[in-house]
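J.: no sequence for this one, just the structure:
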RNA sequence: GGUGGGGUUCCCGAGUGGUUAAAGGGAACAGACUGUAAAUCUGUCGGCAAAGCCUUCGGAGGUUCAAAUCCUCCCCCCACCA
């Protein structure tokens, strides 16, 4: 099966340029394509997972993906589809972030022996000379056309405006494509739907300057059924870096997937075969939750490795009750399906001295201290509303003092609401 | 450079001297119902050991018993003109 068909079937493709030629191009085998990643943070988040997975699929089909870290373009800032001007990053920050991103990408894509390349456009963009660039590249761009581009529309019509540095972004990205075409024979650029304008400009530049046909694919913007952008939570983005989002939290994010999103997400965010994923259609109640468990496990395993995924799975089972995933639900998944001793080492926890506990700590202070609530006031409110629990017993007084009587097997389990847990352990 | 319009609590957005921790909506959180889902209903939604006190309306000063609201200077954004 051609990769394009695989990607289309799994929901990765929003738009392509010249579709038929593109399929033919892939049929030649061992083609080269690229996606740019902006180094705006030192970690990628769930929002980048679609581009990453698509590169991984393409590599599995025997082609050569290029991950282009935008060390150069990150110094300019892409205004596409953004309502606000990006804060400018310092070269040091960009460099630092680029390293973090490289590390994360290599979990999904095999960069050994030239099977995939990771490049940084700072290598060529920072060398550019202004006047030659304007004469060679700039003259191929029509401002009349650029200002009509959808990607600039929001900014031209909105309140924020568009400044000149950002206006140049499109030229730089087009130049990247030209450069990768010249150097690596790369004929396909992919990106989010907001990248359409930038991708097209690269395709046109190559046609004008090299008289060659190259291609573009955009991915749909993935939102949850309730319309929220993928990976956005109150606490901020869900990161791929375990320092920023622990594997347990990451797993929990996926387990909380809306019923209506399970199939779509399994297709996009796991490598499980489509015929198994389609069977989820028939599942309901407990079985549907099992499917979510598989989704969470597989997604966590991809980013954090099997060991962390198993830990997160066990921790969740110990808190929420074990659920054995039946063999008939997505048999290809490597999720553990037997009864095991569920440990909970991945549940967020902190250590206290026995003395501190014996001295007594007001419950609301402790909830605040371990981070279950953002302030003491919020903790007090939580208790008033009946949402605070110790060892699964509701706290009924805001005055409640926690002391050694609350110790249960040398631990105290704090719970805020239905699903946020924290364990207090005694330091030995 | 000129003229006009703006900057309010997480977001949008009311508020032009006191009853304003600041309307309304959204988001979020809790409870009920459930399946760690959605929908619905109810409540909460600046901080603080808290019937009180403290901090907040772009920033810094000032007037006043009292300022998000009035005055001065500064910063930032937008539109039109140049």
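T.: Noted; the coordinates are in hand. The structure displayed is predicted, hence computed values, not measured ones.
J.: distance-wise, check residue A:427 relative to RNA strand B.
T.: Distance from residue A:427 to RNA strand B, counting by Cβ to the nearest atom of the strand, to the nearest Å: 21 Å. Placement of C-beta: from N, CA and C, glycine included.
J.: okay, now that residue: neighbour count?
T.: Residues near residue A:427, counting by other Cβ atoms under 10 Å, number 11.
J.: please, which helix or strand holds the closest residue to it other than its chain neighbours?
T.: Closest residue to residue A:427 apart from its sequence neighbours, by Cβ to Cβ, 6 or more residues apart in numbering: residue A:351 at 4.5 Å. Per DSSP states H and E, residue A:351 falls inside strand A:349-352.
J.: pull out the buried residues from that strand.
T.: A:349, A:352 (16 or more other Cβ atoms under 10 Å).
J.: how about stretch A:199-208?
T.: A:199-206.
J.: so what's the residue nearest to residue A:427 up against?
T.: Counting by Cβ atoms under 8 Å, 6 or more residues apart in numbering, residue A:351 touches A:424-427.
J.: by neighbours, which of these wins?
T.: residue A:424 (23 neighbours).
J.: was I right to think that one contacts residue A:412?
T.: Yes - the criterion here is Cβ atoms under 8 Å, and residue A:424 meets it with residue A:412 at 4.1 Å.
J.: joint contacts of these two?
T.: Shared contacts of residue A:424 and residue A:412, defined by Cβ under 8 Å, 6+ apart, are found at residue A:357.
J.: still on that earlier bit, so what's the residue nearest to residue A:427 scoring on pLDDT?
T.: Model confidence at residue A:351, given as pLDDT, is 93.
J.: I'd like the distance between it and RNA strand B.
T.: Distance from residue A:351 to RNA strand B, by Cβ to the nearest atom of the strand: 20 Å.
J.: partners of that residue in the sheet?
T.: residue A:425 (DSSP bridges).
J.: is it true that residue A:412 lies in a strand?
T.: Yes - Residue A:412: assigned to a strand according to DSSP: H, G, I helix; E, B strand; the rest coil.
J.: and the nearest residue to residue A:114 once chain neighbours are set aside, how far from residue A:413?
T.: Spatial nearest neighbour of residue A:114, excluding adjacent residues (Cβ to Cβ, 6+ apart): residue A:64 at 7.5 Å. Distance of residue A:64 to residue A:413, given as Cβ to Cβ, to the nearest Å: 50 Å.
J.: likewise for residue A:262?
T.: 29 Å.
J.: also residue A:130?
T.: In terms of Cβ to Cβ, residue A:130 sits 62 Å off from residue A:413.
J.: so which of the two has more stuff around it?
T.: residue A:413 (20 against 8).
J.: contacting residues for the more buried one?
T.: The contact partners of residue A:413, taken as Cβ under 8 Å, 6+ apart, are A:389-392, A:421-424.
J.: how about the contacts made by the residue in the stretch 301-428 of chain A that RNA strand B sits nearest to?
T.: The stretch 301-428 of chain A approaches RNA strand B most closely through residue A:417 (1.8 Å), counting by Cβ to the nearest atom of the strand. Residue A:417 is in contact with A:382, A:387, counting by Cβ under 8 Å, 6+ apart.
J.: okay, it: pLDDT?
T.: At residue A:417, the pLDDT value in this model is 93.
J.: then residue A:18?
T.: Confidence at residue A:18, expressed as pLDDT, is 85.
J.: ok, now residue A:370?
T.: Model confidence at residue A:370 (pLDDT) stands at 93.
J.: excluding sequence neighbours, find me the nearest residue to it.
T.: Closest to residue A:370 by Cβ to Cβ, 6+ apart is residue A:422, at 4.6 Å.
J.: which strand or helix spans the nearest residue to residue A:348 once chain neighbours are set aside?
T.: Leaving aside its chain neighbours, residue A:348 sits nearest to residue A:422 (5.0 Å; criterion: Cβ to Cβ, 6+ apart). Using DSSP H and E, the element containing residue A:422 is strand A:420-426.
J.: run the chain-centre distance for that strand.
T.: 28 Å (Cα atoms, centre = their mean, to the nearest Å).
J.: next one: phi and psi at the most centrally placed residue in chain A?
T.: The centre of chain A sits closest to residue A:46, judged by Cα atoms, centre = their mean, with a distance of 1.3 Å. Residue A:46 adopts backbone torsions of phi -60, psi -30, taken as degrees, to the nearest 10.
J.: report the buried residues of the helix ranked longest in chain A.
T.: Ranked by residue count under DSSP state H, the longest helix found in chain A is helix A:285-304. Within helix A:285-304, the residues that count as buried by 16+ other Cβ under 10 Å are A:289-304.
J.: mind giving me the packing neighbours of it?
T.: Packing partners of helix A:285-304 (3 or more Cβ pairs under 8 Å, 6 or more residues apart in numbering; DSSP states H and E): helix A:247-255, helix A:262-269, helix A:306-320.
J.: from residue A:402, how far out is the residue nearest to residue A:348?
T.: Relative to residue A:402, and taking Cβ to Cβ, residue A:422 is found at 12 Å.
J.: again, but for residue A:296
T.: The value you get for residue A:296 to residue A:402, if Cβ to Cβ is used, is 32 Å.
J.: do residue A:174 as well
T.: Applying Cβ to Cβ to residue A:174 and residue A:402 gives a distance of 61 Å.
J.: equivalent analysis for residue A:194, please.
T.: According to Cβ to Cβ, residue A:194 stands 49 Å off from residue A:402.
J.: more crowded one of these two?
T.: A side-by-side neighbour count of residue A:194 and residue A:402, using other Cβ under 10 Å, places residue A:402 first with 23 against 18.
J.: so what's that one up against?
T.: Residue A:402 touches A:357, A:360-363, A:366, A:390, A:412, counting by Cβ under 8 Å, 6+ apart.
J.: for it, phi and psi?
T.: Dihedral angles of residue A:402 (phi, psi; degrees, to the nearest 10) stand at phi -90, psi 130.
J.: kindly report the same for residue A:53.
T.: Dihedral pair for residue A:53: phi -60, psi -40, per degrees, to the nearest 10.
J.: number of nearby residues for it?
T.: By other Cβ under 10 Å, the burial measure for residue A:53, its neighbour count, is 22.
J.: wait, it sits on residue A:269?
T.: Yes - under the criterion of Cβ under 8 Å, residue A:53 makes contact with residue A:269 at 6.6 Å.
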